[in-house]
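J.: using only what follows, build the 3D model:
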Amino acid sequence: MHTASAAPTASPARAGPRGQVQDQAAAAHDLENAASPLSRAHNTDRYTSHGVLPIGRQMRWMRSPWGCKGLLLGGGMLATICLTAILTIGFTLLWNEEAPKQAEECAQFRVAFIGNSLTYYNDLPHLVRHLLQRNINTTIGSGTVEVKACLHGGSSLVRTFSEGSREKDAEHIGGHDMVPTIEELLTDECGFDVVVLQDHTQSPAIDASRTLTKEGLATNYTPLLLQNAGVRPSLTILYQTWAYSNTSSVDEVIGDFEEYTEKLEEGYNAYQEVLVEQGLDAIVAPVGRAFQRIKEKDEALWMELYRADYKHPRPPGTFLAGTLISTAIIEHPNFTGMFAGNRVHAKWPAEAKVYIGERPPDKKQLRRMLADAQLR
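T.: You can find the predicted model right below:
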């Protein structure tokens with residue numbers, strides 16, 4: 001950001017009426033240049049970060065004998081030029097008050113999360129931020145990764161769109177970066193490179209709720225996602241969740257673990273098709289399938305992914321989800337060059353808050369899990 005330096009100086013006064021006119025014309029030219037973006041491009045050290053003279057300097061210039069005071073007293077064409085220039089500066093100042101944030105004020109890479117407790121348990125947003133931050137290419141920007149979220153415990157994508165986030169749920173992601181509504185989230189003036197969507201645990205697996213979500217994606221989400229894509233080229237990631245470890249309560253509707261996993265995959269693939277048909281770039285992060293692979297290789301380790309309620313993740317399960325989502329981002333062609341690599345360090349980061357009563361998993365457990373999920 002350029003800092004303001006000395007105010008523009010007038011040429012030395014020349015004797016006689018012709019000299020006065022030349023001085024006044026030069027002053028008018030300086031003022032026009034002060035409001036000109038082309039001139040600012042070559043004289044940025046003379047202006048503020050918004051590209052205009054500081055207000056104090058403008059007022060001093062206007063009161064000076066060679067400035068607007070002199071021109072307006074002189075009347076005629078020069079007075080008209082001066083008045084036009086004053087109005088130009090005024091509108092420029094007003095525009096800069098309401099202008100979108102400049103690129104240097106926004107993080108290099110931004111991710112938005114929309115979902116429920118399967119996203120806020122163990123602070124998935126800040127875990128993903130950490131995994132991306134470790135790999136960001138610092139040679140092409142600020143090197144910062146930022147996350148925001150709109151999360152509502154027990155909710156579906158349809159319900160969260162209408163009701164927004166719950167204030168009490170913010171504590172589970174460290175008490176910050178929670179946005180009240182999806183509209184406010186997706187119209188953020190900095191935009192998001194990635195938007196992660198997560199539906200209710202059963203909605204994608206049941207025909208009726210799957211249909212409702214597809215309609216909601218097409219009608220409510222798509223316009224905002226397209227608007228966001230106009231700010232930053234954006235990728236939508238559908239966070240495919242996992243089947244319950246004990247499906248006895250839902251067997252009649254959804255089936256056993258394998259059937260449930262299959263139906264979840266079908267549901268999220270259907271969501272992807274809706275978004276792609278609407279002109280969005282969308283992929284599925286197959287976290288549920290990774291849970292299934294671990295079950296097939298090591299059932300004891302698989303059970304360690306779940307809390308006692310059979311559905312919410314313990315920290316290892318969240319780490320698996322975060323690794324799959326961050327890998328999908330880093331390896332996507334949209335972001336070629338944005339990241340320097342994909343180093344997954346099997347260590348829980350301090351910035352991601354584990355859920356109440358949980359402890360960060362140890363390195364050995366995380367390494368086994370990533371290997372069984374075929375991520376190492």
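J.: and residue 333, how many neighbours?
T.: If you count neighbours by other CB atoms under 10 Å, residue 333 ends up with 7. C-beta coordinates here come from the backbone N, C-alpha and C atoms, glycine included.
J.: any idea of the pLDDT on it?
T.: Residue 333 is assigned a predicted lDDT (pLDDT) of 96.
J.: from residue 150, how far out is it?
T.: 27 Å (CB to CB, to the nearest Å).
J.: CA atoms of stretch 195-214 as PDB?
T.: Below are the C-alpha coordinates for stretch 195-214, written out as PDB (Å, rounded to 0.1, in the frame of the first residue of the first chain):
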ATOM      1  CA  VAL A 195     -17.700 -24.000  -1.200                       C
ATOM      2  CA  VAL A 196     -18.200 -27.200   0.700                       C
ATOM      3  CA  LEU A 197     -21.800 -28.500   1.000                       C
ATOM      4  CA  GLN A 198     -22.900 -31.200   3.500                       C
ATOM      5  CA  ASP A 199     -26.400 -32.500   3.800                       C
ATOM      6  CA  HIS A 200     -28.200 -34.200   6.700                       C
ATOM      7  CA  THR A 201     -26.900 -37.700   7.400                       C
ATOM      8  CA  GLN A 202     -30.000 -39.400   5.900                       C
ATOM      9  CA  SER A 203     -31.300 -36.900   3.300                       C
ATOM     10  CA  PRO A 204     -29.200 -38.100   0.300                       C
ATOM     11  CA  ALA A 205     -30.200 -41.700   1.000                       C
ATOM     12  CA  ILE A 206     -34.000 -41.300   1.000                       C
ATOM     13  CA  ASP A 207     -35.800 -40.500  -2.300                       C
ATOM     14  CA  ALA A 208     -38.200 -37.900  -0.900                       C
ATOM     15  CA  SER A 209     -35.600 -35.800   0.900                       C
ATOM     16  CA  ARG A 210     -33.100 -36.300  -1.900                       C
ATOM     17  CA  THR A 211     -35.600 -34.700  -4.300                       C
ATOM     18  CA  LEU A 212     -36.200 -31.800  -2.000                       C
ATOM     19  CA  THR A 213     -32.500 -31.100  -1.700                       C
ATOM     20  CA  LYS A 214     -32.000 -31.300  -5.500                       C
END
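J.: tell me the mean pLDDT over it?
T.: pLDDT averaged over stretch 195-214 gives 98.
J.: quick one: it to chain centroid distance?
T.: 23 Å (CA atoms, centre = their mean, to the nearest Å).
J.: buried residues, it. List them.
T.: Residues of stretch 195-214 classed as buried by neighbour count (16 or more other CB atoms under 10 Å): 195-206, 209-210, 212-214.
J.: mind checking which of those residues are in strands?
T.: Counting by DSSP state E, these place 195, 196, 197 in strands.
J.: list just the nearest of those to residue 116.
T.: Nearest to residue 116, judged by CB to CB, of those is residue 197 at 11.0 Å.
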